[in-house]
Every structure is written in structure tokens, then in C-alpha cells.
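J.: just a sequence and a predicted model for now, questions to come.
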There are 2 protein chains.
Amino acid sequence: MRATLLHGPHDVRLEDVPDPVVQRPTDAVVRVVAACVCGSDLWGYRGVRPTGEPRRVGHELVGVVEEVGSEVTRVRPGDFVVAPFALGDGDCAHCRHGIWTSCVRGAAWGAQDKDGLLVDGAQGEYVRTPFADANLVATPGMPDDAMVPSLLTLADVMGTGHHAAISARVGAGSTVVVVGDGAVGLCAVLASRRLGAGRIIAMSRHADRQALAREFGATDVVAERGAEGAAAVMDLVDGVGADAVLECVGTRESMEQALDVTRPGGFVGYVGVPAGGPELPIGRMFSGNLNVAGGVAPVRAYLPELLSEVLDGTLDPGRVFDLQVPLDEVAKAYAAMDERRAVKSLLRP
Amino acid sequence: MRATLLHGPHDVRLEDVPDPVVQRPTDAVVRVVAACVCGSDLWGYRGVRPTGEPRRVGHELVGVVEEVGSEVTRVRPGDFVVAPFALGDGDCAHCRHGIWTSCVRGAAWGAQDKDGLLVDGAQGEYVRTPFADANLVATPGMPDDAMVPSLLTLADVMGTGHHAAISARVGAGSTVVVVGDGAVGLCAVLASRRLGAGRIIAMSRHADRQALAREFGATDVVAERGAEGAAAVMDLVDGVGADAVLECVGTRESMEQALDVTRPGGFVGYVGVPAGGPELPIGRMFSGNLNVAGGVAPVRAYLPELLSEVLDGTLDPGRVFDLQVPLDEVAKAYAAMDERRAVKSLLRP
């Protein structure tokens, strides 16, 4: 089969690799119907993180089950499934607490699992999926092709935006600020609306993303950044600060901006992968009762709930994809996101 | 009147100072019935924080209202009242959100308020109380003298332990670890029991404090500290980690110990004043979904609820006081806590 490998900065290639097969009785092999490029994939692509040996990439996919191991009972060949970006066994204490990302037997797409067996990257034609019964969530019947982008967001960005909102306790009437206008930030706006937020202030400098944020439920848009951006937000909220601030970037600057606009007793819900490890200023958090919750999103836990709303048409996060290309053109998909010509690129094998 | 001043390291003195009077129509003057020494008072006493000019000290008191300003309507001369350690106006957005410690017109005992008028320290005979209606909570009638210690804990340590537990979302069946066996840590044990925790692991090296922790509801005691202590706790919880960890110390070591024993998705509820400003390791928090909530406790918000249980005898936090001395002997009260001969010293003017 063909799959994408990252060779180094600005060098992704589609190559021939071995076809995946069922290796353990709990495995399934899934044919990828759609995958995509994540903001976090750009770190390796940009050389921010060294690549080392060429490696398989991609961690978001929807597809059709091709083959299952002897112990797989909940999904069947032919099922259309959504897969979460982090794989758990569904059975350990952490999975049972809903934190699938901390599974003691967890695995990641594109890397070796705890037994040393490769789990294929999602940006390819097929993937071996460990713990298939636990991870794969099947739709009832084959969904319409137009629904594929929204289903694909449930593998990561929609569940991640939702995790930011849940972590920050967004609820009926909340005043929310969303820091970051990438796919996750836009989904965080949508998640906040869904949870009943009364006011949603999106921080965005790009006209197209501002427009989508408004369609997703943003009541206000602030284009300024840093201290100016924080001041503009504080003006909107009468100097009090927001109940919930969703930090969807991961830099020191974005976290500072988030803390700057959180009201005393409020929550920063953060899901931006910390880039370079900014540390949190506990003295400032202490004096203002600024709470910080979140982390790598356990999207599998949210999948059933969000899936049902995508299927019934009430949730349409797929609009974050503004580029669709065949898998052959994966290099274009990366370049478009790298050069900010696309919010998020969808790949069709 | 006489009041305590901190002159410098290991130098507290009871001195004659001007009698407080009503200066604004919202003030009350309260005769102090009991005050106490706080762990945080020891920072100045030990020279960890420079003292500068001699200054009034003490921020925990119960007393009897002596005189009220013309706009005070909710408390009357003769009322027995509990005062919170931080003073708010009860009316700003932050107070209305329950975060009295962030009041825009807030004041602190022993320091000048925002109009430049001194608010007396609590370790004295009388205090001027700004925003008396908002801050002072009266008991129905004069309480029995034996209840005074428990009432006094509502000014700070019981409300602070409760804030740690609330911030960490302690609820029915929670597994809780309490880091710190000072008065706040012991009250955090009691607060956890009150909130229905299923298991409470107290970390304490001192036999007398271990005994009180058990009486307050601790189901397990771990005497080890640091990495050894964390390992001992993890053994008790089958390697999973606790749902809620209450950090009641405020050092880098205690916060690390707290993060070490929090399960993925769990909460550290912290109320220890950050000593030297340890920063929080966001990379580690992110990957484990370790949430950090809390801060300086808005005890005024919790006062009515906790007061009713002290009055009906179901809550007895006053047992954290293991030394009672007349105000004359305030220097002894400090020395006993400094030398760890007492958990907490109560002063009777």
C-alpha cells in the first residue's frame, strides 16, 4: 500500500510500504476513507521537532473495516468507523475514568505499540488498529460522503475543542474567550455554543476564520493579540474577565493571553500542545484563583455523544476543512497549511 | 488599645496603639474575642519575607461588634461575629462570583485599605472592619465559649481546607490525598470527609497530627515524603493515582508530590501560598491531563454553610488549636508554632 512518511523539514513523501495485517486477535485492519493533516504534524514538517529516521505520519482517520481479529466482536468488516487520534485498551483504570490518552497499554498512530509492533500512520491507505473493539466507533450504516469531513473532525479537532470547553466548565450562559483560530479553536467555538455559552469571543486575525467563527457561534471577534488583544477582550467583558478561556494554541504567549482575560475563579481550558514547555506562573494563578485544566484530549470518550449530533445534522464541524486533495498530493496538503493558505487539509486515499 | 506588631525576625511585640473608630459609614468596630497565628504569619517572623517597617499582624478573628457606622444594617452592637481573613465589599462582580479575595475594593487586616486608612491587624484588642455588613457573619446569639475555637477556624483554615477540596472537586466516593499536616491540611481532611470522600490519605510525619487526621476522617496515613512518599501513596491506590490531591503547603516539593499522586484527569486543589513561586510544569500536566485549581481561599463565600454545621455541632475543626495563650503572650504563641511545638496557637485578648 501507499503511506505518507516524513523525511525531514518540508519533505513528506507518499511511498510503498507493507500492507498491514491483523497481528493480534484484538486488531482490525481499516481502509482509510479520509485522513487529514494536523497542526501538530507541522512541527516535524517545519523542523521545530527533529524527525530522526523517516517515519509514518497522520493520526486522524475515518474508514471502512476490512478485516478483524478473532476476538473482535463490536465492529465487523464493512462497518464505517471513526478512530480517535490516541488509542487505548478501553479497560484500564484511566480509560474507565475517560482519560483514554493515559491508557497503560495505549498506542499512537505511526509508532510502535507497547509490544513493538508498528501501528500505521493515518495518512495512508490502510491501518492496523489495536484494540479495535475499544477504539473504533461505527456509524449505523454507510454515511453520506458529504458527512465525511464532519465525521473526520471527531478523530481529533472537534473532540479536542470540546475537551477545552469541558475542562473550562463551559455551561449555560458562560462568557467564553477562545484563543487560537486554527481548526481546534474554531471547534472550541462550536463546542461552546453547543454547551450553551452566552457569549463567545473569538480571537482571530484572519477574515475567513473570523467569518467561520461567527457562523460557529462567536458573538464577538477580537483581532488584536498580546496585551492589546487582552485589553480589547477585557473591554468587552466590563473589565471582569471571562468565566472560561479556551487556549487552543500552546505557546507561552497564548497561555499568557488566556490568563490575562480569565476572571478570578474562572478556568483556562487548554488543549494546545505546549510548544517549548512554557511553565505556568503559580503565584499569579494563586492570587487570582485562576484555574488551569485540560491537556491532551481523550477524544474517544467524547466520540459517541458528538457522533450522534453529527449524524443527525445538528453539528457540522467539517467546515473547518478548506482544502481537499487526493492522498497523492499529500505534500500540497502540508504546504498549504504550512503557508497558512489552508486551515485544515483533508486527504482522500 | 494593645495590638501585635511584627518588628523583624523573631521579634513580635504587643504595643499600645490608637483605638480604632468608625471612619466610614460602612465600618464596624469589633472587640476581638479570639485571634490566632497563621502559618503564613511565620514567613515574616522567620525572615523569609522582609518586614520593613514594624507592622500590624494577624488576619483571623472572632469577636463582638462594639460600634457600627450609619449605613451598617445587618450587624448590630453586641452581635458575636466571625470575620474572614480577606475583606471584600460583597458587591463587585468578583464578590458576586464568590471570589471575595479578588474584590476590586478589597482590604486586608493589618494594612491600609484602598482609601489609605489602616485596617487593624487581628492580633489585637479591637479592629476597624470595612464593609461590615458584607464581611461580618453573626451567630444567632452568643455562642458557648467552647465553640470559639471552631468558629475561629472559619476565618481562615477551615474555609481554606474546604476551598482545596472544592477546587479539587472532592465528592461522594472520591479518593483524596492531603499533602501537608498543618492546620489547613487537617481541615482539608475534615472538609473531604464532609464532602463524602471514600478514601482520604493524609501525608504526615508527626504522631499527634496523624492521630488528629485520623479523627478528622483520614483512612490512611503516609509518613514518607518526596519520591518515597509518592510511591507509598501510589501503592495504596493500585498505581492509579488519586482523584483529588489537596496541596496545603506551597513549596515546589509539595506541589511535585501532589502532581506525582494525581491520576490522569484528576485535580490538584492547592491553597498553600506559593513560597518562592514554584512554576507549574505544563508539559507534564498536559500529557497527563493533570488539572490544577485553587488559590487564595475566598472563605467569606463558604462561611454561612460551614458556620451552620459548627453551630449544630456536626463540624469541629477547632481541634486544630493545640495551644491557647493570652494575647499578652503572643510572642510565645509564635515561638511555639515556629518551633513546631504547636500546630496552631489561639490568642485571647
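T.: On my side now, so go ahead. Numbering: from 1, shown residues only, chains lettered A, B, ... in the order given.

J.: now A:Asp16: how far from A:Glu329?
T.: The gap separating A:Asp16 from A:Glu329 is 17 Å, by Cβ to Cβ, to the nearest Å. For every residue, glycine as well, the C-beta is placed using N, CA and C.

J.: please apply the same query to A:Leu303.
T.: For A:Leu303, the distance to A:Glu329 - Cβ to Cβ - is 29 Å.

J.: which one of those two has more residues nearby?
T.: A:Leu303 (21 against 17; other Cβ atoms under 10 Å in any protein chain shown).

J.: give the contact list for the nearest residue to that one once chain neighbours are set aside.
T.: Nearest residue to A:Leu303, sequence neighbours excluded (Cβ to Cβ, 6 or more residues apart in numbering or on different chains): A:Val137, at 4.8 Å. A:Val137 is in contact with A:Val81, A:Val82, A:Ala83, A:Arg300, A:Leu303, A:Pro304, A:Leu307, counting by Cβ atoms under 8 Å, 6 or more residues apart in numbering or on different chains.

J.: if A:Val137 is in a bridge, with which residues?
T.: Beta-bridge partners for A:Val137, by DSSP bridges, are A:Val82.

J.: near chain B, which residues of chain A?
T.: A:93-94, A:97-99, A:101-102, A:167, A:238, A:240, A:255, A:263-265, A:267, A:270, A:273-274, A:277-283, A:285-296, A:298 (Cβ under 8 Å from any Cβ of the partner chain).

J.: show me which of those residues are buried.
T.: Among these, those scoring as buried are A:93-94, A:97, A:99, A:101-102, A:167, A:240, A:255, A:263-265, A:267, A:270, A:273-274, A:278, A:280-282, A:285-286, A:288-296, A:298 (criterion: 16 or more other Cβ atoms under 10 Å in any protein chain shown).

J.: how about low-confidence regions in chain A?
T.: Scanning chain A with the threshold set as pLDDT under 70 gives A:276-278.

J.: how's it carved up into domains?
T.: A:2-156+A:298-348, A:159-294 (automatic domain parsing).

J.: with adjacent residues omitted, what lies nearest to A:Gly250?
T.: A:Gly272 (2.8 Å).

J.: ok, now which ones touch A:Thr26?
T.: A:Gly69, A:Glu71, A:Val72, A:Pro130, A:Phe131, A:Ala132, A:Asp133.

J.: can you redo the residues you listed as TSV with secondary structure and neighbour count?
T.: Shown next, in TSV, are these (DSSP: H, G, I helix; E, B strand; the rest coil; neighbours: other Cβ atoms under 10 Å in any protein chain shown):
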residue	secondary structure	neighbour count
A:Gly69	coil	19
A:Glu71	coil	12
A:Val72	coil	23
A:Pro130	coil	23
A:Phe131	coil	24
A:Ala132	helix	28
A:Asp133	helix	18
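
J.: of these, closest to B:Leu190?
T.: Of all those, B:Leu190 sits closest to A:Phe131, with 42.4 Å by Cβ to Cβ.

J.: tell me who's in contact with that closest one.
T.: Applying Cβ under 8 Å, 6+ apart, the residues near A:Phe131 are A:Thr26, A:Leu87, A:Gly88, A:Asp89, A:Gly90, A:Arg105, A:Ala107.

J.: now do 6 Å
T.: A:Thr26, A:Asp89 (Cβ atoms under 6 Å, 6 or more residues apart in numbering or on different chains).

J.: ok, now the one 4 residues further on?
T.: Applying Cβ under 6 Å, 6+ apart, we find A:Asn135 in contact with A:Ala83, A:Leu87.

J.: recalculate using a threshold of 10 Å.
T.: Residues touching A:Asn135, when contacts are defined by Cβ atoms under 10 Å, 6 or more residues apart in numbering or on different chains, comprise A:26, A:28, A:30, A:75, A:81-84, A:86-90, A:100, A:103, A:107, A:129, A:300, A:303.

J.: any idea how far B:Ala227 is from it?
T.: In terms of Cβ to Cβ, A:Asn135 sits 34 Å off from B:Ala227.

J.: with A:Val170 instead?
T.: Distance of A:Val170 to B:Ala227, given as Cβ to Cβ: 37 Å.

J.: settle it for me: which of the two has more neighbours?
T.: Just comparing A:Val170 and B:Ala227: by other Cβ under 10 Å the higher neighbour count belongs to A:Val170, 27 against 11.

J.: can you report how many residues lie near A:Asp316?
T.: 17.

J.: show me what contacts it?
T.: With Cβ under 10 Å, 6+ apart, A:Asp316 has these contacts: A:Met147, A:Pro149, A:Ser150, A:Thr153, A:Met158, A:Leu190, A:Glu215, A:Phe216, A:Glu309, A:Val310.

J.: what of A:Ala165?
T.: With Cβ under 10 Å, 6+ apart, A:Ala165 has these contacts: A:171, A:174, A:176, A:178, A:187-195, A:197, A:200, A:244, A:246, A:267, A:269, A:271, A:294.

J.: now name the helix or strand holding it.
T.: Here A:Ala165 sits within helix A:157-167, counting by DSSP states H and E.

J.: tell me the helix or strand right after that helix.
T.: strand A:175-179.

J.: now stretch A:309-329: buried residues?
T.: Result for stretch A:309-329 [16+ other Cβ under 10 Å]: buried residues A:309-311, A:315-325, A:327, A:329.

J.: what do you get for stretch A:180-199?
T.: For stretch A:180-199, by 16+ other Cβ under 10 Å, it's A:180-195, A:197, A:199.

J.: which ones among these map onto strands?
T.: A:Arg199 (DSSP state E).

J.: which residues are in contact with the residue in the stretch 1-150 of chain A that chain B sits nearest to?
T.: Closest contact between the stretch 1-150 of chain A and chain B, by Cβ to the nearest Cβ, is at A:Ser102 (3.5 Å). By Cβ under 10 Å, 6+ apart, the contact list for A:Ser102 reads A:86, A:88, A:92-95, A:295-296, A:298, B:240-241, B:263-265, B:287-290.
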